[in-house]
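Novice: Turn this into a structure:
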Amino acid sequence: MSAITVPQILVVANRTCPCPGLVDAIHERFGSGADRGEVRIVAPALNSRLRHFVSDIDGALDQAHERLAIVVDSLRRRGIHAEGDVGDADPFLAVCDTLAVFRASEIVVSTHPVGHSNWMEKRLIERLTAAHDVPVTHLVSKYGLAAA
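Specialist: Residues are numbered from 1 along each chain as shown. All right, here's what the predicted structure looks like:
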């Protein structure tokens, strides 16, 4: 198997998407030039427990699609080849599913700060690092958090 020579970045984000800081961080990973790699954004379709219990996922899917459209458009306007997918509600499974079809050179996980992030409580970064032979980068964002 040959080494990946251009960045192939898998980003998993939901409520921190479409944070301008996330777009900036991804843009920094790419140099100038036409063959700068690719970004695949996966947004888990997060839902409330009640809505999940009654199989009402339409709102969660719509919100994830809206966020994806904004961040993908922002990246494309900066000249980065970007695609987006709505993934499994479990971000770990969403990443695993995407890695089955997208060969990433890095996984970027965007979360809210500790204490505001369910993903951090569930040790998502550690679990991804242990499960995959791909560097995992954690970006912390306050985007979408209400002012305290």
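Novice: Spatially nearest residue to residue 96 (excluding sequence neighbours)?
Specialist: Nearest non-adjacent residue to residue 96, counting by C-beta to C-beta, 6 or more residues apart in numbering: residue 131, 7.4 Å away. (Glycine included, C-beta is placed from N, CA and C.)
Novice: So what's the residue count around that neighbour?
Specialist: For residue 131, the count of nearby residues is 13 (other C-beta atoms under 10 Å).
Novice: Look up how far residue 124 lies from it.
Specialist: Here the criterion is C-beta to C-beta, to the nearest Å. By it, residue 131 lies 11 Å from residue 124.
Novice: overlap in contacts of those two?
Specialist: Common neighbours of residue 131 and residue 124 (criterion: C-beta atoms under 8 Å, 6 or more residues apart in numbering): residue 92.
Novice: Now residue 114: closest residue in space that isn't a chain neighbour?
Specialist: Per C-beta to C-beta, 6+ apart, closest to residue 114 is residue 120, 5.1 Å.
Novice: And what about that neighbour, helix, strand or coil?
Specialist: State at residue 120, reduced to three classes by DSSP: H, G, I helix; E, B strand; the rest coil: helix.
Novice: ok, what's across the strand from residue 108?
Specialist: Beta bridges link residue 108 to residue 11, residue 137, judged by DSSP bridges.
Novice: That one and residue 10 touch, don't they?
Specialist: Yes: counting by C-beta atoms under 8 Å, residue 108 does reach residue 10; the two are 7.1 Å apart.
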